[in-house]
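Participant: Got a predicted structure here, sequence first:
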Amino acid sequence: MSGTRPHDFDLFVIGGGSGGVRTARIAASHGAKVGIAEGRFWGGTCVNVGCVPKKLMVNAAEYGRWAQEAAAFGWSLGEASHDWGTLVRARDLEVNRISGIYKGMLGNVGVTTFDCNARFTGPHELLAGERPISADRILIAVGGHPVRPDIPGAEHALISDDMFTLKEMPRRVLMVGGGYIGLEFASMLHGLGAEVTLAYRQSLPLRGFDHELREAAAEALAADGLTILPGETPAEITLDGEARRVRMVGGKVVEADAVFFATGRTPNTRGLGLDAAGVVAREGGAIAVDDDHATNVPHIYALGDVTDRVNLTPVATAVGHALADTLFGNRPRHASYENVPKAVFTSPPMASVGLTEDEAAARGPAEIYTARFTPLRHTVTRNTGKRALMKLVVEAGSGRLLGAHMLGEDAPEIMQGMAVAVVNGLTKAQLDATIGIHPTAAEEFVTMRVPTRRVGDGVAKAA
């Protein structure tokens, strides 16, 4: 960068989560003078009250399940018990380490950091805490936060952030919500020894995922021992001593030691001073952006959960990297919102990339390949709740891979590789030409030869 700077910064980022930090770091590496403000914790939701601590707790639950299954293979481990405090200390130590790394990376490339919130006072002007600053370009990357539904007694319930401040694990839990967070927390707490009831408004969980995968997920959670209440949601929560008494909309009453709401998140736009900058937010608080991630004010950008598009950390980081390259690296480009792989870390986990069966059928003829089987390990443990589902969605005629879906152990690890195939438009014939690694579950994706059915050209029919 050269010449005089009319502003304090070439780029100022509001929000120190994954997307904001990546944008700031890459912009600075291109020579831009960058500032960034974060008033809560560096690394944002994912590092502190989301992906990272959640995955560590999922890992903890897995050890318990493996201990239970070990006897089938001849291991005698004695009576297993779990200490919540040990897990919490280990989790928080790792979270603090990673959060520190996020801030340290910024300092290493010369980004000026502000440990405070920032808000607009004009189109180019902000207050970082109480310090007035100005910037040529500004990025809004403040993420979102969980919300409680507006029902009587909602104050007696917890939200997802509260999972990571619990001093003890509740023994009876009502988890409300059929999305990623609700299913992951429900499965995780059950694996750690809690008695869990999972309620969600729709007939199946995970709206937006492939229908067959949604059915398999509900079956697997029930087989694992969770109590499932589809089509239900709380109408009122009252206290009964230390317990929560929850009346559901259908009249059923559930008693629990803790009620968690995992029913939605909203963008963190309140208090940003958007009006002072002239930035328009949609109803609900999300900020509208164009294909270049610019708001209605051309020098102000937004990305990540605050735009409410694809609310996944890797998407925010990819978009932020592309934006920094475009603005300061003389490399105009966009990160794609298509064929984004995603995973749900339940037991067993599930993962998807590309089109669902219904989405493909709406576009034209498609062939569907499916396999349901018991993984080799569970032919010994006799755990019928761990059956795997693997599915390919293929464009008829061209044979191009449109989607891949899986429920089963290691599904997220396997799907990362399958995403390369789907994103790059590989064909079913190219999968067929790939030698499988035996014995693995992953080999099913390259050995399914006969389509289960054909859809998209009228009534679905068996092949």
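Facilitator: Done, it's in.
Participant: I'd like to know which elements the helix ranked longest in the chain is packed against.
Facilitator: Using DSSP state H to define each element, the chain has its longest helix at helix 84-108. Counting contacts by 3 or more C-beta pairs under 8 Å, 6 or more residues apart in numbering; DSSP states H and E, helix 84-108 packs against helix 18-29, helix 44-49, helix 51-69, strand 112-114. C-beta here means a position set from N, CA and C on the backbone, and glycine is covered the same way.
Participant: Try it again at 10 Å.
Facilitator: Applying 3 or more C-beta pairs under 10 Å, 6 or more residues apart in numbering; DSSP states H and E, we find helix 84-108 packed against helix 18-29, strand 34-37, helix 44-49, helix 51-69, strand 112-114.
Participant: So which residue is smack in the middle of the protein?
Facilitator: By C-alpha atoms, centre = their mean, the chain has its centre lying nearest to residue 312, at 5.1 Å.
Participant: That one: what's it in contact with?
Facilitator: 18, 46, 51, 180, 304-305, 318, 340-343 (C-beta atoms under 10 Å, 6 or more residues apart in numbering).
Participant: from those, which ones fall inside strands?
Facilitator: Counted as lying in strands by DSSP state E, out of those, are 342-343.
Participant: hmm, which of the contacts of residue 312 are the buried ones?
Facilitator: 18, 46, 51, 180, 304-305, 318, 340-343 (16 or more other C-beta atoms under 10 Å).
Participant: picking that back up, between the contacts of residue 312, which is nearest residue 294?
Facilitator: residue 304 (14.6 Å; C-beta to C-beta).
Participant: measure that closest one to residue 146 for me?
Facilitator: Computed with C-beta to C-beta, to the nearest Å, the distance linking residue 304 and residue 146 is 16 Å.
Participant: cool, residue 209 as well?
Facilitator: Going from residue 209 to residue 146 by C-beta to C-beta gives 21 Å.
Participant: Same check on residue 109?
Facilitator: In terms of C-beta to C-beta, residue 109 sits 32 Å off from residue 146.
Participant: mind showing which ranges of the chain have poor pLDDT?
Facilitator: 1-5, 458-463 (pLDDT under 70).
Participant: Which one of the helices and strands packed on helix 84-108 lies nearest to residue 241?
Facilitator: Across the helices and strands packed on helix 84-108, closest to residue 241 is helix 51-69 (C-beta to C-beta), at 27.6 Å.
Participant: The closest one packs against which elements?
Facilitator: Helix 51-69 sits against helix 44-49, helix 84-108, helix 180-191, helix 313-328, helix 376-381, with contacts defined as 3+ C-beta pairs under 10 Å, 6+ apart.
Participant: Packing partners of the first one?
Facilitator: In terms of contacts (3+ C-beta pairs under 10 Å, 6+ apart), helix 44-49 is packed against helix 18-29, helix 51-69, helix 84-108, strand 144-146, helix 313-328.
Participant: Quick check: phi and psi at residue 177.
Facilitator: Backbone geometry at residue 177, expressed as degrees, to the nearest 10, gives phi 140, psi 130.
Participant: Sort out which one of the contacts of residue 312 lies nearest residue 66 for me.
Facilitator: residue 343 (19.7 Å).
Participant: re earlier: okay if I get the helices and strands packed on helix 51-69 as JSON lines plus distance to residue 219?
Facilitator: Output for the helices and strands packed on helix 51-69, formatted as JSON lines (distance: least, C-beta to C-beta, whole Å):
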{"stretch": "helix 44-49", "distance to residue 219": "29"}
{"stretch": "helix 84-108", "distance to residue 219": "29"}
{"stretch": "helix 180-191", "distance to residue 219": "13"}
{"stretch": "helix 313-328", "distance to residue 219": "29"}
{"stretch": "helix 376-381", "distance to residue 219": "15"}
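Participant: can I get the helices and strands packed on helix 84-108 in TSV with distance to residue 162?
Facilitator: Listed next are the helices and strands packed on helix 84-108 as TSV, based on distance: least, C-beta to C-beta, whole Å:
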stretch	distance to residue 162
helix 18-29	22
strand 34-37	25
helix 44-49	9
helix 51-69	12
strand 112-114	27
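Participant: so how far is stretch 209-225 from its chain's centroid?
Facilitator: Centre-to-centre, stretch 209-225 and its host chain are 18 Å apart (C-alpha atoms, centre = their mean, to the nearest Å).
Participant: Can I get the buried ones among the contacts of residue 312 in TSV including distance to residue 34?
Facilitator: TSV is the format used below for those (distance: C-beta to C-beta, whole Å):
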residue	distance to residue 34
18	16
46	21
51	25
180	32
304	17
305	21
318	19
340	27
341	30
342	30
343	32
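Participant: of the residues you listed, closest to residue 76?
Facilitator: The closest of these, once distances to residue 76 are taken by C-beta to C-beta, is residue 343, at 33.8 Å.
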